[in-house]
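A.B. asks: I'd like to go over a predicted model; first the sequence, then the structure.
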Amino acid sequence: MPPSALREVEHEIVVAAPAADVYRLIAEVENWPRIFPPTIHVDHVERGEKEEVIRIWATANGEPKNWTSRRTLDPEALRIGFRQTISTPPVATMGGTWIIEPLSDSESRIRLLHDYRAVDDDPKNLEWIDNAVDRNSRSELAALKGNVELAVAQSRELLLSFEDSVRINGSAKNVFDFVNEAQLWAERLPHVAKVRFEEDANGLQTLEMDTRAKDGSTHTTKSIRVTFPHHKIAYKQITLPALMSLHTGYWTFVEHEEADGTVVTTASSQHTVVINPENIARVLGPEAGVAEAREYVQGALSTNSLATLGHAKDYAEAKG
């Protein structure tokens, strides 16, 4: 391989947080959809004390991509190495290191190193990767800084997580099918006015829809969804309502058999939201605060989730 074929780049940022806290947020990949804007979903494929294999779904230059990486964790040195084991074109190889450097008891420097090659060492592919790595690295570091510093400042009141569930006399497959077939939601769900839907061969979906509120108004949201037939659909909204600065979630479908042989599915909708305090007064009025925004957002999301699960219940139970 010619020396010029391998690109090596570095990005860094300083955060007002202890190095150990920063390391923990990066090491615990379940945090990633919340703290890194490009990340949609992360799953463990293998998990050990110091090494693990993870599968990541994320956007790159606005396009949904997925890849598998092996990570080496070194909490003593505050370093995390990563190497893609299965890359997605135009990436041929990709790896790097997170390095957390303590500057004081309350401040740290985060260094993010990447090395990569393009498929066939094509210059146009390399330029695409350059842009994606630069954009995602800057976005990830800025988001990590904001989220770590929010946690240190004890602004957890802005973070909201909750779940709604229904019991359905039917198979998990039929319930999954109803939620999975979002291209039909405008016909099946009264609160959905319009849907724009795309799906690739791997079940990675882009879902944009216009949703009706109780007052008759509509708002547009756009999500990237990752499907795991027939037990889970994970998603992240990339176009958000004004009161949210983040919204991730997942639908789960757990099937079991009752003593009398009846097949029952517990279908759940989980949401994790970060409230956007800057828009509270504009949306809810000058007297409203974070508590009112939390109540409003949970009410709106639960109403729509339970409506969807209710129609999924009707659909699955009619299927028998």
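C.D. replies: All right, it came through fine. Numbers count the residues shown, from 1 in each chain.

A.B. asks: For the nearest residue to Thr218 once chain neighbours are set aside, which residues are in contact?
C.D. replies: Spatial nearest neighbour of Thr218, excluding adjacent residues (CB to CB, 6 or more residues apart in numbering): Asp210 at 4.7 Å. All C-beta spots, glycine's among them, are computed from the backbone N, C-alpha and C. Applying CB atoms under 8 Å, 6 or more residues apart in numbering, one finds that Asp210 lies in contact with 192-195, 218-220.

A.B. asks: what do you get if the cut-off is 6 Å, keeping everything else the same?
C.D. replies: By CB atoms under 6 Å, 6 or more residues apart in numbering, the contact list for Asp210 reads 193-194, 218, 220.

A.B. asks: who's sitting farthest from the centroid in the protein?
C.D. replies: Here the chain reaches farthest from its C-alpha mean at Asp260, the gap being 39.0 Å by CA atoms, centre = their mean.

A.B. asks: does that residue count as helix, strand or coil?
C.D. replies: coil (DSSP: H, G, I helix; E, B strand; the rest coil).

A.B. asks: Just put the contacts of Asp210 in JSON lines and tack on pLDDT, neighbour count and secondary structure.
C.D. replies: Shown next, in JSON lines, are those (pLDDT from 0 to 100; neighbours: other CB atoms under 10 Å; DSSP: H, G, I helix; E, B strand; the rest coil):
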{"residue": "Ala193", "pLDDT": "95", "neighbour count": "15", "secondary structure": "strand"}
{"residue": "Lys194", "pLDDT": "96", "neighbour count": "13", "secondary structure": "strand"}
{"residue": "Thr218", "pLDDT": "86", "neighbour count": "13", "secondary structure": "strand"}
{"residue": "Thr220", "pLDDT": "92", "neighbour count": "14", "secondary structure": "strand"}
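
A.B. asks: Can you list the residue ranges for strands in the chain?
C.D. replies: 7-15, 39-47, 51-60, 63-74, 79-86, 91-104, 107-118, 159-168, 192-199, 204-212, 218-228, 232-239, 244-257, 263-275 (DSSP state E).

A.B. asks: For Glu140, which of these is the nearest?
C.D. replies: strand 107-118 (7.2 Å; CB to CB).

A.B. asks: List the strands paired with the closest one, with their directions.
C.D. replies: Using DSSP bridges, strand 107-118 pairs in its sheet with strand 7-15 (antiparallel), strand 91-104 (antiparallel).

A.B. asks: for the first one, the distance to its chain's centre please.
C.D. replies: On the basis of CA atoms, centre = their mean, to the nearest Å, strand 7-15 is displaced by 23 Å from the centre of the chain it belongs to.

A.B. asks: Tell me which residues are up against that strand.
C.D. replies: Strand 7-15 has contacts (CB under 6 Å, 6+ apart) with 108-116, 137, 141, 145, 148.

A.B. asks: For the residue nearest to Thr218, name its beta-bridge partners.
C.D. replies: What pairs with Asp210, by the bridge criterion (DSSP bridges), is Lys194, Thr220.

A.B. asks: On the pLDDT front, check it for me.
C.D. replies: Per-residue pLDDT puts Asp210 at 95.

A.B. asks: and what of Asn147?
C.D. replies: With respect to pLDDT, Asn147 scores 80.

A.B. asks: Next, work out how far apart the residue lying closest to it once chain neighbours are set aside and Ala92 are.
C.D. replies: The shortest distance from Asn147 to any non-neighbouring residue, by CB to CB, 6+ apart, is to Ile35 (4.3 Å). Separation of Ile35 from Ala92 (CB to CB, to the nearest Å): 28 Å.

A.B. asks: now swap in Val42 and tell me
C.D. replies: Distance from Val42 to Ala92, by CB to CB: 22 Å.

A.B. asks: now do His230
C.D. replies: For His230, the distance to Ala92 (CB to CB) stands at 34 Å.

A.B. asks: Ser171 now?
C.D. replies: Ser171 is 42 Å from Ala92, by CB to CB.

A.B. asks: Centroid-nearest residue for this protein?
C.D. replies: The centre of the chain sits closest to Ile40, judged by CA atoms, centre = their mean, with a distance of 3.0 Å.

A.B. asks: domain ranges for this protein?
C.D. replies: In terms of domains, the chain is parsed into 3-152, 156-319 (source: automatic domain parsing).

A.B. asks: quick revisit: of all the contacts of Asp210, which two lie farthest apart?
C.D. replies: Taking CB to CB as the measure, the contacts of Asp210 have their most distant pair in Ala193 and Thr220, spaced 9.5 Å apart.

A.B. asks: Mind checking the strands paired with strand 107-118 for the one nearest to Ile54?
C.D. replies: Taking the strands paired with strand 107-118 one by one with CB to CB, strand 91-104 is closest: 13.4 Å.

A.B. asks: Now do the buried residues in the closest one.
C.D. replies: Buried residues in strand 91-104, defined by neighbour count with 16 or more other CB atoms under 10 Å: 91-92, 94-100.

A.B. asks: So what's the model's average confidence on it?
C.D. replies: Mean predicted lDDT for strand 91-104 stands at 97.
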